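Colleague: Sequence first, then the predicted structure, then my questions.
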Amino acid sequence: MAHLEVTFYDNMIDVRGQGFCWKFPNTGKNKKAILPVLRGFYVPDTGKSLFTYQEIADALGYKARQNVENFLAAFRSAGGDMQQYVSPNNAKHDRLCEPIAEQILTSPWLGIHQQYLAFRETHPEETLSETTFRKYARELDVLKLLKRVRQLIADRPARLDLTRYLQEILEMEVVPRAKQKEIVELVPEAQSASSRRQSSLNERLFDPRTERKLLITLLYVCNVSQEMLSLLFGISKTSIHRHIYDVCGDDLTWQIVGQIVRWSGQVSVDEKWITIDGVWHFVLCAVDAVSGFPLLVEVYPTVDTVSWTIFFTRFRTIYGVPKLIQCDGSQALAAAREAIFPRVRYQLCKFHKLKNLMKRIRKHVRDSKDYIRAVRFAKHIFSNTWVSSRKQAAKSLQKLAGHEISDYVDEHILSCWRQLTMSLTTNTSERFNRKIEKCFFGRYGIPTVESAQVLLRGLWLKELLLNGHQHLSQTSELASMDVSRIWQEQLDSGKILHFFHDYEASRVEKLA
């Protein structure tokens, strides 16, 4: 076996083999170029390659030799041209950059959101998200833009358009809701761009042609499989998949948020773990503690302080500062809460505290009579009407149950007593977590983060339509949407009977 060793440093790639030692700058192109070069070495006597696919894969840290074979196939398809091989191949990028630049140069005064809408109207055949549009727009030649702006200024006098400027500010997610309201009150004409943005969800959902897509999405998040939906609606699974993704696209989150105009000011936060392609991820959710309606739902790869800090920052940007936060005793959550909401009152969930206390009582209290009394004292800590009575129950439990329980009560209950005096729970967020569990764990698996986000957006949309009317304005069309009517119009009894007939027939055919 030939010796091959590849070491990656911060700014250098070190390649060592039999009789050679190379050093390259550590770039993606150089790492990609190493593969055909190493495979090009051969033994003079036999003409065979000096390094096998597996040896190259092991040296470069790839999981399997197929990774190397794929790169070499790309090198051969490039005709052995190293420059073409290492250059990125993005057909959509190459096709759209020029028309995007043309659109921006034609109307440079428009905001980026209006530019995107104008581009979609001009090129309806292109499937392009606003995020990708912004990415491609950043590559525009600044000199061309400057030349175009100067040309427009020379053609007609230009001055700062305050209304346009405020409209672009209203489109930014970083502007708090209170500040947006203040801007609209001071300059009412600035509301047009923002209102168009918020009404796009209504236009999409109230179009009679999309009611069927909406019903398919609601059934999908209620755990009806795409196979059954295909039989039920008489269309292919591919069409079912496309309908769901049309409704639950990337922009659905901020469109739902834009519909929420009222909430209690009390929020219950919690996390729920899910598996995506066999890897644990976490859904962080903030739920209105009074109504139980989800105000913000996001997926993160970890549940550490960084994730909670990002989540709380986004919540503050959208809804402002809450009056009360209800949560569990997670240290990561506590650190993020203190950083983002340092002066906001919070309460710990009494059920979490009671559950943890009962575990220790079962472990350390052996006598049956003492155990019964300890359990009664533990329940009184969190259920007595008067705060003084609850604290007295904690003291009585300390005297009865021994030093292990006494130390635990001191450290985990009495030390945070002010955060337990309201005797609150996180039941509202726990109930929404159970809905997430039913939505996710009834499936064979979630392959990607995007698939998980689509499910969560669909579940959030269902909650808005069925249980979130009190959070919408009285004039909102979503508040008047009749889901029952859509169901009756889109699915009649004949279709349902036909579905069961086809499903039974397909099942018998598979068994045969």
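Modeller: All right, it came through fine.
Colleague: what's the pLDDT at Y42?
Modeller: At Y42, the pLDDT value in this model is 76.
Colleague: and it, what are its phi and psi?
Modeller: When quoted as degrees, to the nearest 10, the phi and psi of Y42 stand at phi -140, psi 160.
Colleague: and it, how many residues sit next to it?
Modeller: Counted by other CB atoms under 10 Å, the residues lying close to Y42 total 12. C-beta coordinates here come from the backbone N, C-alpha and C atoms, glycine included.
Colleague: Distance of the residue nearest to it when sequence neighbours are not counted relative to Q490?
Modeller: For Y42, ignoring the flanking residues on the chain, the nearest one in space by CB to CB, 6 or more residues apart in numbering is S49 at 5.4 Å. Distance of S49 to Q490, given as CB to CB, to the nearest Å: 61 Å.
Colleague: Repeat that for E450.
Modeller: The separation that E450 has from Q490, given CB to CB, amounts to 27 Å.
Colleague: Count the neighbours of Y53 for me.
Modeller: The burial metric for Y53, expressed as a neighbour count using other CB under 10 Å, is 18.
Colleague: show me the contacts for it.
Modeller: The neighbours of Y53, taking CB atoms under 8 Å, 6 or more residues apart in numbering as the test, are 39, 65, 68-69.
Colleague: Next, find the distance separating it from M82.
Modeller: Look at Y53 and M82: by CB to CB, they are 19 Å apart.
Colleague: quick check: mean pLDDT across the helix or strand that contains I486?
Modeller: Secondary structure assigned from DSSP states H and E places I486 in helix 483-490. Averaging pLDDT along helix 483-490 gives 72.
Colleague: What of stretch 285-293?
Modeller: 93.
Colleague: Same check on stretch 443-451?
Modeller: The pLDDT scores in stretch 443-451 average 83.
Colleague: likewise stretch 457-473?
Modeller: 88.
Colleague: In it, which residues are buried?
Modeller: 457-465, 468-469, 471-472 (16 or more other CB atoms under 10 Å).
Colleague: What segments of the stretch 351-500 of the chain are strands?
Modeller: Ranges of strands in the stretch 351-500 of the chain, per DSSP state E, counting those that start in this stretch: none exist.
Colleague: number of nearby residues for the residue nearest to Y42?
Modeller: The local packing count at S49 equals 16, with neighbours defined by other CB under 10 Å.
Colleague: Just say helix, strand or coil for P124.
Modeller: Of the three states, P124 takes coil under DSSP: H, G, I helix; E, B strand; the rest coil.
Colleague: From A118, how far out is it?
Modeller: Shown here: P124 relative to A118, a distance of 12 Å by CB to CB.
Colleague: more crowded one of those two?
Modeller: Between P124 and A118, counted using other CB under 10 Å, the more crowded position is A118 (15 against 8).
Colleague: Not counting residues beside it along the chain, what's closest to that one?
Modeller: Taking CB to CB, 6+ apart, and ignoring the residues beside it in sequence, A118 has Q103 as its nearest neighbour in space, at 6.1 Å.
Colleague: thought that neighbour was touching Y116?
Modeller: No: applying CB atoms under 8 Å, one finds Q103 not in contact with Y116, separated by 9.0 Å.
Colleague: W273 in helix, strand or coil?
Modeller: When the structure is reduced to helix, strand and coil (three-state DSSP), W273 reads as strand.
Colleague: From F440, how far out is it?
Modeller: Between W273 and F440 the computed distance is 10 Å (CB to CB).
Colleague: More neighbours: which of those two?
Modeller: Ranked by neighbour count (other CB under 10 Å), W273 and F440 place F440 first, with 22 against 13.
Colleague: which residues touch that one?
Modeller: Applying CB under 8 Å, 6+ apart as the definition, the contact partners of F440 turn out to be 274, 446, 452, 455.
Colleague: So which residues of the stretch 251-400 of the chain form helices?
Modeller: Taking DSSP state H, counting those that start in this stretch as the criterion, the stretch 251-400 of the chain carries its helices at 252-259, 305-319, 331-340, 350-364, 368-383, 387-401.
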